[in-house]
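In: A structural model of the following input is requested.
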Amino acid sequence: MVSIDDDKRAAAVAAVAEVQDRMLVGLGTGSTAAFAIRALGERVAAGLQIRAVVTSDASGVLARDVGIEVLDFADIARVDLTIDGADEIDSRCFAIKGAGGAMLREKVVAASSARMIVIADRSKRVEQIGAAKLPIEVLPFAGSYVMRVLAGLGAAPEIRCNYRTDQDNLVIDCHFHALEDPRATAAMLAAIPGILGHGLFLDEVAAAYIATDGIVTRLERAGASA
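Out: Sure thing, here's the model as predicted:
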């Protein structure tokens, strides 16, 4: 039987095949993204010439370990291609991300990218996003206030215990009982002072490679250019 890790690896290898010489590649965070970083390291060892930016300190350590040159994103204005995982993704290429706590950096790198690809195993493909908890990065100074506002919105917020992001911010995990209008939810969250970012990725994902029992299928956002 094909394991979840086998599917993650298969999706990662398929996505990494899109990387071309001299690209500047954005590397995501989490267990699935780690498979992509290792697969990209194998291509670099075989002669591929690329540089990368990373969305977390952990991804940076792994990338350097496998021989990928990592640049400081603070000096970068544009990325050619970003590869990352997702907690959920649906047929619209709407995704929820942030279980690894890096959703703010991931969104910034995605926004800078000409193209973003999500890689996922079969468990992450859903009919409509909303079952997974929605992570929100919050300024610690505003933590109690933001918790009160989110509770009033019915988001069932929980501060992630003993966790700070690489920017030393809080993560509040929310579960909205209904996420029928993700864009309205995203706009509502963006309007709350103290929220720095959230895990709704509604415009960033151009395509996804999703592996099910070892078979990889490609999902393309309508109107996205390859």
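In: helix or strand next in line after the biggest helix by length in the chain, which one?
Out: For the chain, the helix that runs over the most residues, judged by DSSP state H, is helix 31-45. Heading C-terminal from helix 31-45, the first helix or strand you meet, by DSSP states H and E, is strand 51-54.
In: who does that next one pair up with?
Out: The strands that strand 51-54 pairs with in its sheet are strand 24-27 (parallel), strand 69-70 (parallel) (by DSSP bridges).
In: so which bits of the longest helix of the chain are buried?
Out: 32, 33, 34, 35, 36, 37, 38, 39, 40, 41, 43, 44 (16 or more other C-beta atoms under 10 Å). Any C-beta I mention is one placed from the backbone N, CA and C, and that applies to glycine too.
In: go through stretch 83-97 and flag the buried ones.
Out: Under 16+ other C-beta under 10 Å, the buried positions of stretch 83-97 are 83-90, 93-97.
In: before we move on, what about stretch 107-122?
Out: So for stretch 107-122, counting by 16+ other C-beta under 10 Å, buried means 107-110, 112-113, 115-122.
In: quick one: end-to-end distance for it.
Out: Using C-alpha to C-alpha, to the nearest Å, the end-to-end distance of stretch 107-122 comes to 23 Å.
In: looking at that stretch now, give me its mean pLDDT.
Out: Averaging pLDDT along stretch 107-122 yields 97.
In: and for residue 191, the neighbour number?
Out: Neighbourhood size, residue 191 [other C-beta atoms under 10 Å]: 8.
In: try residue 154
Out: 12.
In: give the next helix or strand downstream of whichever strand or helix holds residue 211.
Out: In this assignment (DSSP H and E), residue 211 forms part of strand 207-212. Using DSSP H and E, the helix or strand that follows strand 207-212 towards the C-terminus is strand 215-220.
In: sorry, back to before: now, which of the buried residues of helix 31-45 sits nearest residue 137?
Out: residue 33 (17.7 Å; C-beta to C-beta).
In: could you find the closest non-adjacent residue to that closest one?
Out: In this structure, residue 33 finds its nearest non-sequential neighbour in residue 85, 4.8 Å apart by C-beta to C-beta, 6 or more residues apart in numbering.
In: which sections of the protein are below the confidence cut-off?
Out: Residues of the chain meeting the criterion pLDDT under 70: 224-226.
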